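Peer 1: with the input below, show me the fold.
(chains A, B, C and D)
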Number of protein chains: 2
Amino acid sequence: MLTELEQRILDAIRFHISQQGRSPTLVEIGAAVGVASKGTLHRYVQGLIDKGHLVRNHAGWRGLQLVEEEGADERGSLPLLGQIAAGLPIEAIPGHDKLNLMDFFMGPGRFILKVVGDSMIDVGILDGDMVVIRHAQQAYSGEIVVALIDGEEATLKRLKYLNDGRVKLIPENSTMQPFVYAAHRVRIQGVLVGQMRSYQ
Amino acid sequence: MLTELEQRILDAIRFHISQQGRSPTLVEIGAAVGVASKGTLHRYVQGLIDKGHLVRNHAGWRGLQLVEEEGADERGSLPLLGQIAAGLPIEAIPGHDKLNLMDFFMGPGRFILKVVGDSMIDVGILDGDMVVIRHAQQAYSGEIVVALIDGEEATLKRLKYLNDGRVKLIPENSTMQPFVYAAHRVRIQGVLVGQMRSYQ
DNA sequence: CTTGAAAGTTCTCCAAAAGTTCTCTATAGT
DNA sequence: ACTATAGAGAACTTTTGGAGAACTTTCAAG
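Peer 2: Residues are numbered from 1 along each chain as shown, chains lettered A, B, ... in the order given. Just a heads-up that it's a prediction; the model follows:
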């Protein structure tokens, strides 16, 4: 249960968001409820977070978000029945009974590219597949990335940093050869986070 | 969540593109929002790219492209930027600029199975992938199906009807052999309509 | 093909605003 | 007396917003 001041602070936050579209600062909350001390306000806001009425959306300013109970949104979900293997019956996956396509693929800074060519065929990325890329300038060795070479050629390859500072781009196709470039010639544009294919 | 200046910069870019049909330079953005330093502007534009609100369309000047915010009704969509191939720049797909995951995968009577094993590796379905299956009792020759053999073993295989009335189930893995069954022993449970994989 | 202005990138420095942590005080109810 | 609530404010860290120098890259004019 909330104290009177906690309730007023929560109401003030809700009002501010409804009016301005973004959460208030501590000082703005203070002006609304008549409390001058940032420290006091912080204590109450933290209490509301601990009690589950607020969440901190992101680090930094104006990061408060109301926890309004949402109706279960089931759009984008398909039932996840279980596993299938050669020679075994379908086996239920305990706990998981639903797979949300948006949870699976969506995220900030992502986009889709259609794959042309067979250079990644050995990791199951075929001609015509869609790949989900997360925009990024950096990547770890071993990740599959969209790399721009000399600012001209964009290509999907597995990335490897060599000890001598150069960069190796490995096509996952046993009939193709890896290429090695000086680091400054290769710019990472994104990292592979998903792949999908339609058979219809 | 964007800060105030990030939001103003994004609005200024959107406005400039709507007026002039091409993205603004850093200095033009600065004139619109009242910031004199190219360095500061670059920092903010880069931040918007990292957060996924912008993408750099191509190298060079005026290469910014908006990633239009999906409204609540368009959740499940990611921007479809173009094609990628070994040795070619990313090439825009005219007309297509958005791919909706739900259009791609959702449909009546569908469910998902997690793949265990390598029996379909030659068509790019790997161990751990998720496959989308449309429930069906019939399938055409050449389709990939979930088949139940003798009411006991469920398996994902390519289906082929033989002239003598029997059924051939073909694992798409060059190290495995197809099996042939009398028709009454094989019951179709569904047809493969999609496949997806997450690399996170 | 050269060249230079315009554009983009990387870096350092700075300051104000916001958030965090802490101590101190006061008052009402049990 | 003890506890829960309410409040002030100092001292600190982090985030945001801003300037500009020095550099590289792009692109069009000659």
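
Peer 1: for chain A, which residues are neighbours of DNA strand C?
Peer 2: Within reach of DNA strand C by CB under 7 Å from any atom of the strand, chain A has these residues: A:25-27, A:38-39, A:42-43, A:45-46, A:56, A:60-63. For the C-beta atoms, the positions are set from N, CA and C on the backbone; glycine is no exception.

Peer 1: the residue of chain A at minimum distance from DNA strand D: what's it in contact with?
Peer 2: Nearest to DNA strand D, among the residues of chain A, is A:G39, at 1.6 Å (CB to the nearest atom of the strand). Applying CB atoms under 8 Å, 6 or more residues apart in numbering or on different chains to A:G39 gives no contacts.

Peer 1: care to break chain A down by domain?
Peer 2: What the record gives for chain A is the domain set A:4-66, A:72-106, A:107-196, from automatic domain parsing.

Peer 1: end to end on the last one, go ahead and measure it.
Peer 2: The stretch domain A:107-196 measures 16 Å between its terminal residues, going by CA to CA, to the nearest Å.

Peer 1: and that domain, how far out from the chain middle?
Peer 2: 19 Å (CA atoms, centre = their mean, to the nearest Å).

Peer 1: quickly find the element holding the residue of chain A closest to DNA strand D.
Peer 2: Take DSSP states H and E as the rule and A:G39 turns out to sit in helix A:38-50.

Peer 1: still on that earlier bit, most tightly surrounded among the domains of chain A?
Peer 2: Of all the domains of chain A, domain A:107-196 carries the top mean neighbour count, a mean of 18, counting by mean count of other CB atoms under 10 Å in any protein chain shown.

Peer 1: got a list of what the most centrally placed residue in chain A touches?
Peer 2: Nearest residue to the geometric centre of chain A (CA atoms, centre = their mean): A:G107, 3.4 Å. If you count contacts by CB under 8 Å, 6+ apart, A:G107 has them with A:134, A:193, B:52.

Peer 1: closest one of those to B:Q200?
Peer 2: Distances from B:Q200 to the contacts of A:G107, taken as CB to CB, are shortest for A:V193 (5.4 Å).

Peer 1: and that closest one, that's in a helix?
Peer 2: No. Assigned with DSSP: H, G, I helix; E, B strand; the rest coil, A:V193 falls outside any helix and is strand.

Peer 1: contacting residues for it?
Peer 2: Applying CB under 8 Å, 6+ apart, the residues near A:V193 are A:105, A:107, A:110, A:132-134, B:198-200.

Peer 1: turn those into CSV, columns for secondary structure.
Peer 2: Conversion of the contacts of A:V193 to CSV gives the following (three-state DSSP):
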residue, secondary structure
A:F105, helix
A:G107, coil
A:R110, strand
A:V132, strand
A:I133, strand
A:R134, strand
B:S198, strand
B:Y199, coil
B:Q200, coil
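
Peer 1: kindly export stretch A:19-35 (C-alpha atoms) in PDB.
Peer 2: Extracted as PDB, the C-alpha positions of stretch A:19-35 are listed here (Å, rounded to 0.1, in the frame of the first residue of the first chain):
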ATOM      1  CA  GLN A  19       0.900  16.100 -20.600                       C
ATOM      2  CA  GLN A  20       4.400  16.200 -21.900                       C
ATOM      3  CA  GLY A  21       5.000  12.700 -23.300                       C
ATOM      4  CA  ARG A  22       8.100  12.200 -21.200                       C
ATOM      5  CA  SER A  23       8.800  11.500 -17.600                       C
ATOM      6  CA  PRO A  24       9.600  14.400 -15.200                       C
ATOM      7  CA  THR A  25      12.800  15.100 -13.500                       C
ATOM      8  CA  LEU A  26      13.000  14.900  -9.700                       C
ATOM      9  CA  VAL A  27      12.900  18.700  -9.500                       C
ATOM     10  CA  GLU A  28       9.800  18.800 -11.700                       C
ATOM     11  CA  ILE A  29       8.100  16.200  -9.500                       C
ATOM     12  CA  GLY A  30       9.100  18.200  -6.500                       C
ATOM     13  CA  ALA A  31       7.500  21.300  -7.900                       C
ATOM     14  CA  ALA A  32       4.300  19.400  -8.500                       C
ATOM     15  CA  VAL A  33       4.000  17.900  -5.000                       C
ATOM     16  CA  GLY A  34       5.700  20.700  -3.100                       C
ATOM     17  CA  VAL A  35       8.900  19.100  -2.000                       C
END
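
Peer 1: close to DNA strand D, is that stretch?
Peer 2: Yes. Figure legend: stretch A:19-35 in contact with DNA strand D (CB under 7 Å from any atom of the strand); contacting residues A:33-35.

Peer 1: just give me the closest of those to A:K114.
Peer 2: Compare each of these with A:K114 using CB to CB and the shortest gap goes to A:V33, at 53.6 Å.

Peer 1: report the contact partners of the closest one.
Peer 2: Neighbours of A:V33 in contact, by CB under 8 Å, 6+ apart: A:5, A:8-9, A:12.

Peer 1: right, I'll leave it there.
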